[in-house]
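Participant: build the 3D model from these lines:
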Amino acid sequence: MIRSFYLGAMTAILALNLGCGSCQMVQENRDEFLAQRQLQEADRGHHALVTIPKRLFESGVERAFKAIPNAPVELTGFGAVGQYVGGLSLRPKELAFDFDRTSNLKLGLKLDAFYGRSRLFGIHLRAVVPVVYDRKKKTMTLVVRYDVFETVEPSLSKGAADTLTRAIRSKIPSLARQLVSTNTLRGYVQKNLRRILRDFYPVVRERMLKPMGEIVRFKFKVPDLPVERITLISSENDLVFGIRTSLQARGLPSPRRTITRKTVRFSISTGLMAALGNQAIDDGRIPAQYDADGRPITDGAYTAGFAWTRANNPLKVKLWNLAPKTIPACIYVQAGARPTVALKGKKLTFGFRDGRIEEVLGPPLISEALNVLGISKRVFSLTKSIALSQEISVGTSSYKVTLDAAEFSGHALHFDLEIGTKARQKKRERRSSIKPDRQRRASAQDARWDHSNHHLDSRSKTRS
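Facilitator: Numbering: from 1, shown residues only. Predicted coordinates for the structure are as follows:
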């Protein structure tokens, strides 16, 4: 009897000692995890990328370019031979656009001045239009109209004055040529060219630019993330918005994949996914407490956490039991796996490869890795809902997106989103219908041209 009591007491004392020891280790592990979440990530970069094909803008640019009419330019001050001189014709050559790293769209319009069949000189108009981020509404908006052009870079072709002088002289009848010398005629030409280069922008604006109306209108809803900064990145074929969040997570490399005409790609760092999962637990969007089988319950003994590492099994799901009730010890369990994603029909499913229990502190009471890993499916579902929350407006039409494909690549999860049917129509400002021959002559007192040497890399529409 005494011996049985002694053995029972010793067992209880050993269990108590084991519990105290494991609780200290588990608490230290939990504290280390929480501290790691607060550490400054050295390679934050962009946590998410929204990649939009530039082709979405091309239809508006092409329509605007086709709307530009040729514009006649009167040549004046030729005295007695003025009736034979005629005039110049301005013709659109190229309308090009690109995006820079300061979140601006750069638009360039090239015009050619012809006298008969001879090209005499070119005029280059440039505009810079910002992409505006509304932090309250979480939208990125770009509106480009014909009147955004602020700087003009007129450039005369080499020998333009001599070429125009010879061309005009050839049109003057031989008897009338005796009324004006070549040098005098050249003086008239040079005076006209100076006037054109100095004062012609109001005419260009009214006669050639105004018929373009609204060139580009674009808006998209920024993913529902704790945005710290948005950077506009331009690649050869795509417009990319790089999003950095306030969470500490490793960023993504620059995008390289060329996407299809109607596909928007949403890429998210897997490190950010883990950080979003932990934040969602803190905010109550994902259950915080679970039982030993990984099921969420109100008074669960286990608290969950997520991490993403550079290991072969990068996904880590952690469970801590720091308030033991039915067992005489605290417990920490970590399960690891390689996550998979598959789209079957319209259903997106997440799975795991090589899942296993990787680390245990305390008694080994949890052995089913999939039960632990299954908790992370809530993180993937949250990420999917963020990706699909986007809405895109091009021109006057608003479009919803639908999931077309998904894949893990490196340390990123990519969603390819098909731009769907029109969601709604919006009212649009009435376009100008002014014809070139009805334009009034613009005053030389209007805005003058500003020379610019800024280079424009572009995708362009060209008309010969």
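
Participant: in space, what's closest to Phe121 - neighbours in sequence excluded?
Facilitator: Closest residue in space to Phe121, ignoring its immediate chain neighbours: Leu156 at 4.1 Å, by C-beta to C-beta, 6 or more residues apart in numbering. Yep, even glycine has a C-beta here, placed from its N, CA and C like the rest.

Participant: run a quick check on that neighbour versus Leu193, I expect a contact.
Facilitator: Yes. With contact defined as C-beta atoms under 8 Å, Leu156 counts as touching Leu193 (6.8 Å).

Participant: which ones are touching the residue nearest to Phe121?
Facilitator: The contact partners of Leu156, by C-beta atoms under 8 Å, 6 or more residues apart in numbering, come to Leu120, Phe121, Leu193, Leu197.

Participant: so how far is Tyr84 from the last one?
Facilitator: When you say that, I think you mean Leu197. From Leu197 across to Tyr84, the span is 24 Å (C-beta to C-beta, to the nearest Å).

Participant: quick revisit: so which of the contacts of Leu156 are in helices?
Facilitator: Residues from the contacts of Leu156 lying in helices, with DSSP state H as the criterion: Leu193, Leu197.

Participant: name every strand pairing with the helix or strand where Arg265 lies and say which way it goes.
Facilitator: Using DSSP states H and E, Arg265 maps to strand 263-269. Next to strand 263-269 in the sheet, as set by DSSP bridges, lie strand 48-53 (antiparallel), strand 412-425 (antiparallel).

Participant: and this protein, what are its domains?
Facilitator: Listed by automatic domain parsing, the domain ranges of the chain are 21-51+224-421, 68-212.

Participant: and the last one, end to end?
Facilitator: Read that as domain 68-212. Length of domain 68-212, first residue to last, C-alpha to C-alpha, to the nearest Å: 6 Å.

Participant: per-residue confidence averaged over that domain?
Facilitator: For domain 68-212, mean pLDDT is 86.

Participant: run the chain-centre distance for that domain.
Facilitator: In terms of C-alpha atoms, centre = their mean, to the nearest Å, the centre of domain 68-212 is set 34 Å apart from its chain centre.

Participant: got it, and the longest one?
Facilitator: Shown here is domain 21-51+224-421, whose average C-alpha point lies 22 Å from the average C-alpha point of the whole chain (C-alpha atoms, centre = their mean).

Participant: about what we covered before: more crowded one of Leu197 and Tyr84?
Facilitator: Leu197 (18 against 14; other C-beta atoms under 10 Å).

Participant: hang on, isn't Tyr188 packed against Gly77?
Facilitator: Yes. Tyr188 is within contact range of Gly77, at 5.7 Å (criterion: C-beta under 8 Å).

Participant: residue ranges with poor pLDDT in the stretch 301-450 of the chain?
Facilitator: Scanning the stretch 301-450 of the chain for pLDDT under 70 picks out the ranges 326-327, 396, 421-450.

Participant: quick one, helices of the stretch 101-250 of the chain?
Facilitator: 160-171, 174-177, 182-199, 201-204 (DSSP state H, counting those that start in this stretch).

Participant: columns distance to Asp354 on top of those helices, output as JSON lines?
Facilitator: Listed next are the helices of the stretch 101-250 of the chain as JSON lines, based on distance: least, C-beta to C-beta, whole Å:
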{"stretch": "helix 160-171", "distance to Asp354": "72"}
{"stretch": "helix 174-177", "distance to Asp354": "92"}
{"stretch": "helix 182-199", "distance to Asp354": "70"}
{"stretch": "helix 201-204", "distance to Asp354": "65"}
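
Participant: and Leu272, which of these is closest to it?
Facilitator: With respect to Leu272, and counting by C-beta to C-beta, the nearest of the helices of the stretch 101-250 of the chain is helix 201-204 at 47.8 Å.

Participant: so what secondary structure elements neighbour that closest one?
Facilitator: Applying 3 or more C-beta pairs under 8 Å, 6 or more residues apart in numbering; DSSP states H and E, one finds that helix 201-204 makes contact with strand 71-74.

Participant: if you set the cut-off to 10 Å instead, what comes out?
Facilitator: Secondary-structure packing of helix 201-204 (3 or more C-beta pairs under 10 Å, 6 or more residues apart in numbering; DSSP states H and E): strand 71-74, strand 118-130, strand 151-156.

Participant: which of those sits closest to Ser367?
Facilitator: Closest among those, using C-beta to C-beta: strand 118-130, at 57.1 Å.

Participant: contacts for stretch 80-89, please.
Facilitator: With C-beta atoms under 10 Å, 6 or more residues apart in numbering as the test, stretch 80-89 has contacts from 70-79, 112-116, 120-121, 164, 167-169, 171-173, 176-177, 179-180, 184-185, 188-189, 192-193, 196.

Participant: any idea where the helices of the stretch 251-400 of the chain begin and end?
Facilitator: Remark: helices assigned in the stretch 251-400 of the chain by DSSP H, counting those that start in this stretch are 270-283, 369-373, 377-388.

Participant: from Met208, how far off is the nearest residue to Ile196 once chain neighbours are set aside?
Facilitator: Nearest residue to Ile196, sequence neighbours excluded (C-beta to C-beta, 6+ apart): Val73, at 6.6 Å. Separation of Val73 from Met208 (C-beta to C-beta) stands at 11 Å.

Participant: contacting residues around the residue nearest to Ile196?
Facilitator: By C-beta under 10 Å, 6+ apart, the neighbours of Val73 are 87-90, 113-115, 192, 195-196, 200, 203-204, 207.

Participant: hang on, the earlier thing: I'd like the contacts of Leu156 as a markdown table, with distance to Arg250 appended.
Facilitator: Formatted as a markdown table, the contacts of Leu156 follow (distance: C-beta to C-beta, whole Å):
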| residue | distance to Arg250 |
| --- | --- |
| Leu120 | 57 |
| Phe121 | 53 |
| Leu193 | 59 |
| Leu197 | 54 |
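
Participant: show me the contacts for Arg250.
Facilitator: 41-45, 47, 269-272, 274-275, 308, 310, 411.
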